[in-house]
Structure formats: C-alpha cells, structure tokens
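Trainee: What follows is a predicted structure for the sequence shown.
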Amino acid sequence: MSKLKICMVGDFSVGKTSLTQKFVNNVFSEKYLTTIGVKIDTASVGDTKLIVWDVAGRDSLSPINSSYLVGASGVVLVGDGTRPHTIEDLFEIWQTVTRRIGDVPVVVALNKADLDEWQVDDELTDTLVNNGWQVFNTSAKDGANVAELFQTLVDEIQN
C-alpha cells in the first residue's frame, strides 16, 4: 500500500477540519473548534493510504506554518463559499505552498455549498479553473463532492 501526505490549507473557519472528518470518519459536527498547529488523520483511497494533515487556518495575524507542508504529495486548497475573500486568498496561500514545497498537485474545495449564503459565481470559479486547478463545490455537512475531491487528488498525484 502506497502512502501519500495530503495537506488541507486555507483561511481559518473555511471547513478544513470538517471536510477532513467527513472524508475520514463520515461525521460532521456543527461545533466549531479551531485547529491549533496541525491535526493528522489517515484514510484509504483504493490501495493508497492518505495521511491527511489538517493545517491550522491562516488569518491576518498568523500565516500558515509552512513547515507542516514539507513532504506533501498534494494539497487541498479550501475556501468558504459564503465568504468569497477566503477563496481569493487561495492564490496567496498557493504562493506560500509553492515557495516551500514546489508545484505539487492541487485541488480546490469551495466548501459550504449547502448553505443559502453561498456567494460563488461563475467568474470566481473560472478564475480558479484558469489557474489550472480542478474545483469542487463541497459540503462537509452533506458530503457533496468530498470523496470525489480526494479521489481526484490521488489520481493527479499518481499520474
């Protein structure tokens, strides 16, 4: 069984932990607990074991700790579809990633697609796609596109 390190990165409170928990344990909690440092979980996709590093969110006072990125085979950039600025921030976060570990495979999760406050328009999605990223509208709550997101990233890494 091959092993791949995957890092979940994005601004604070975009749903990185919720997506990870939905994927790994098929659970969702409405309770918000901020991640301090990093949380590590494992899950399998076919005969590949994923070590998922849920990296503490970025905000104006604390950037992503890029040392957690070292050794990553791929990255999930997570933005909150109810807060478009968190999606726009993904470009800056990606620069942090590439400065530290180079150009690794990446997928984008636009999370919270189940909420009425969804504010993602085609123009914003097109901007992400034009950057060469595969974009998934996800919901950690109902599981929409969560498994597909990780499967696509594994496929990108292995091809």
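Mentor: Thanks, I have the structure now. Small disclaimer: the values here were computed from a predicted structure and weren't measured. Numbering: from 1, shown residues only.

Trainee: residues in contact with stretch 75-93?
Mentor: 6-11, 13-16, 19, 58, 64, 69, 94, 97, 104-113, 115, 117-120, 124, 128, 131, 133, 137, 149-150, 153 (CB atoms under 8 Å, 6 or more residues apart in numbering). (Each C-beta comes from the backbone N, C-alpha and C, glycine too.)

Trainee: residues of it that come out buried?
Mentor: By neighbour count on 16 or more other CB atoms under 10 Å, the buried set for stretch 75-93 is 75-84, 86-87, 89-90, 93.

Trainee: what about it, distance to the chain center?
Mentor: Offset of stretch 75-93 from its chain centre (CA atoms, centre = their mean, to the nearest Å): 9 Å.

Trainee: got the CA positions of it in CSV?
Mentor: Extracted in CSV, the C-alpha atoms of stretch 75-93 (Å, rounded to 0.1, in the frame of the first residue of the first chain):
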residue,chain,number,x,y,z
VAL,A,75,-2.6,19.9,-1.4
VAL,A,76,-6.3,20.7,-0.9
LEU,A,77,-6.9,24.4,-1.0
VAL,A,78,-10.1,25.2,0.9
GLY,A,79,-12.2,28.3,0.6
ASP,A,80,-15.6,29.1,2.2
GLY,A,81,-18.3,29.7,-0.5
THR,A,82,-20.1,32.0,1.9
ARG,A,83,-17.0,34.3,2.3
PRO,A,84,-15.5,35.0,-1.2
HIS,A,85,-12.4,36.7,0.2
THR,A,86,-11.3,33.3,1.6
ILE,A,87,-11.4,32.0,-2.0
GLU,A,88,-9.5,35.0,-3.3
ASP,A,89,-6.9,34.3,-0.6
LEU,A,90,-6.2,30.9,-2.0
PHE,A,91,-3.8,32.5,-4.6
GLU,A,92,-1.6,33.9,-1.8
ILE,A,93,-1.8,30.6,0.1
